[in-house]
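[1] Provided below are the primary sequence and the corresponding predicted coordinates.
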Amino acid sequence: MAADLTTKADLPSAWLIRFSPYLKAGTRVLEIASGNGRNTRFLAGLGCKVTAVDINPAPEPVEGVQYIRKDLEKEDWIFGPESFDAVIGINYLWRERFAVLCECVKPGGFFLYETFTRHQTMLNFGPKNPQHFLEDRELLSMVPHEWHILAYEDGRTDNDRYLQRIAAVKPRQSEKSGRWSAGTASRSRISVTGTSAELTGVASSVRVSSSPLSSAYART
């Protein structure tokens with residue numbers, strides 16, 4: 001990407017914008033930790049049916065969005081398995097609920113996640129809770145192995161944010177056979193050259209780099 005403007009003028013996540021073609025009008029989307037609503041507004045503008053969850057929902061609600069006030073770390077989980085077409089998580093992490101979050105995606109559904117890594121602490125900006133930072137390459141390992149990885153990034157953006165980002169599709173039952181096993185196997189084949197590592201597989205790309213995330217997510 002030429003510029004990551006996710007913190008300028010309250011724009012939505014650049015990662016979300018890039019993969020918005022996967023979110024058609026009518027898509028049922030669960031957005032966790034929706035915060036001030038910058039991504040919620042974008043999703044609603046696409047025509048998605050959004051359920052936005054946060055301990056402090058946006059002060060200016062968007063018409064048509066279902067807002068749920070909930071402490072994701074302390075209160076019971078209320079969403080059933082395979083209950084959403086897409087799940088979105090931006091700038092939030094609670095490992096204990098990550099697996100059930102993935103379970104909320106319907107077969108054939110879309111999953112997008114982006115949040116800070118431990119390197120963000122060097123910049124004195126980001127989550128206050130140290131448990132909300134990802135370890136190196138952690139996000140890639142948290143997503144179910146049989147899922148189809150569209151793209152993954154781990155590095156520093158050009159607006160000084162250390163992030164890991166992933167976009168994935170949960171396979172349908174009929175797709176959990178041969179052609180997905182090739183993609184699964186490819187996760188373990190990571191070759192490292194210089195400051196970056198690239199994972200190649202079936203229509204997937206991964207790049208881990210200490211340099212700014214600019215052209216890292218070219219799809220193979």
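    Arrived safely.

[2] in the protein, which spans are strands?
    Assigned by DSSP state E, the strands in the chain fall at 28-32, 49-54, 66-69, 84-90, 105-116, 148-156, 162-169, 190-193, 196-201, 204-212.

[3] Residues contacting the second one, please?
    For strand 49-54, the surrounding residues in contact (CB atoms under 8 Å, 6 or more residues apart in numbering) are 26-35, 37, 40, 43-44, 58, 62, 64-70, 72, 84. Quick note: C-beta positions are derived from backbone N, CA and C, even for glycine.

[4] how far out from the middle of the chain is it?
    Centroid separation for strand 49-54 versus its chain: 15 Å, with CA atoms, centre = their mean, to the nearest Å.

[5] Check the longest one too.
    For strand 105-116, the distance from its own C-alpha centre to the chain's C-alpha centre is 6 Å (CA atoms, centre = their mean).

[6] repeat for the third one
    If you compare the mean C-alpha spot of strand 66-69 with that of the full chain, they lie 20 Å apart, counting by CA atoms, centre = their mean.

[7] buried sites along that strand?
    Buried residues in strand 66-69, counting neighbours by 16 or more other CB atoms under 10 Å, are found at Tyr67.

[8] what helices or strands is that strand leaning on?
    If you count contacts as 3 or more CB pairs under 8 Å, 6 or more residues apart in numbering; DSSP states H and E, strand 66-69 packs onto strand 49-54.

[9] Which strands border the strand it packs on, and is each parallel or antiparallel?
    Here strand 49-54 has these sheet partners by DSSP bridges: strand 28-32 (parallel), strand 66-69 (parallel).
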